[in-house]
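A.B. asks: quick one: sequence plus predicted model below, questions after.
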Amino acid sequence: MNARHQGRTPVTGDAEHWTPLLPSRAITVGPQRVLLADVPLVVWRTTGGRPVVFVDRCPHHGLALSTGRRTFTGRLVCDGHGWEFDATGACRRAPGRPLSEVAGRHASVVPCRLADDQLWVRTDASGIPVAD
């Protein structure tokens, strides 16, 4: 799915911009890939229903996170080696490795918010998603 650049609005008094990505009703529980300005993103909902957006790339080997799945605890699991990421992007489990070995490894989180029945993501002035 490709998102359009129409409707970009700067946050009042701030240099950040927010770009609509998907209608709220289109956000699924499981991961889905969305392209914005040719940047692959992965979108899903936590167990509480909150939407989350990452750059669609696992920090382990660069595989697409959108081919993975969401666990019953709301983590996103990479299809490649089973690394699990929470909504903050932190790696919380890596099969076969002690947690201390993967501590500090993070997926790239793109800040998002729901407004006007749309999911908006933070972008730069040219519409490129900006990860934390």
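C.D. replies: Yep, that arrived.
A.B. asks: so what's V130 closest to, chain neighbours aside?
C.D. replies: Leaving aside its sequence neighbours, V130 sits nearest to R122 (CB to CB, 6 or more residues apart in numbering; 4.9 Å). All C-beta spots, glycine's among them, are computed from the backbone N, C-alpha and C.
A.B. asks: ok, now which ones touch that neighbour?
C.D. replies: If you count contacts by CB atoms under 8 Å, 6 or more residues apart in numbering, R122 has them with E16, H17, W18, V110, P111, C112, P129, V130.
A.B. asks: tally of neighbours for F72?
C.D. replies: By the criterion of other CB atoms under 10 Å, F72 has 6 neighbours.
A.B. asks: these two touch, right, it and T47?
C.D. replies: Yes - under the criterion of CB atoms under 8 Å, F72 makes contact with T47 at 7.3 Å.
A.B. asks: picking that back up, quick check on the contacts of R122: which are buried?
C.D. replies: Taking 16 or more other CB atoms under 10 Å as the criterion, what is buried in the contacts of R122 is H17, W18, V110, C112, P129.
A.B. asks: do you know the pLDDT at the third one?
C.D. replies: At V110 the predicted local distance difference test score is 98.
A.B. asks: residue numbering should commence at 7 henceforth.
C.D. replies: Right, with 7 as the first residue, what we last looked at is V116.
A.B. asks: gap between it and F78?
C.D. replies: From V116 across to F78, the span is 24 Å (CB to CB, to the nearest Å).
A.B. asks: show me where the protein has its helices.
C.D. replies: In the chain, the helices defined using DSSP state H lie at 105-108.
A.B. asks: give me the low-pLDDT residue ranges for it?
C.D. replies: Where the chain drops to pLDDT under 70, the residues are 7-21.
A.B. asks: can you pull out the strands in it?
C.D. replies: Taking DSSP state E as the criterion, the chain contains strands spanning 15-16, 23-29, 38-42, 45-51, 57-61, 75-76, 82-83, 90-91, 97-99, 118-121, 124-129.
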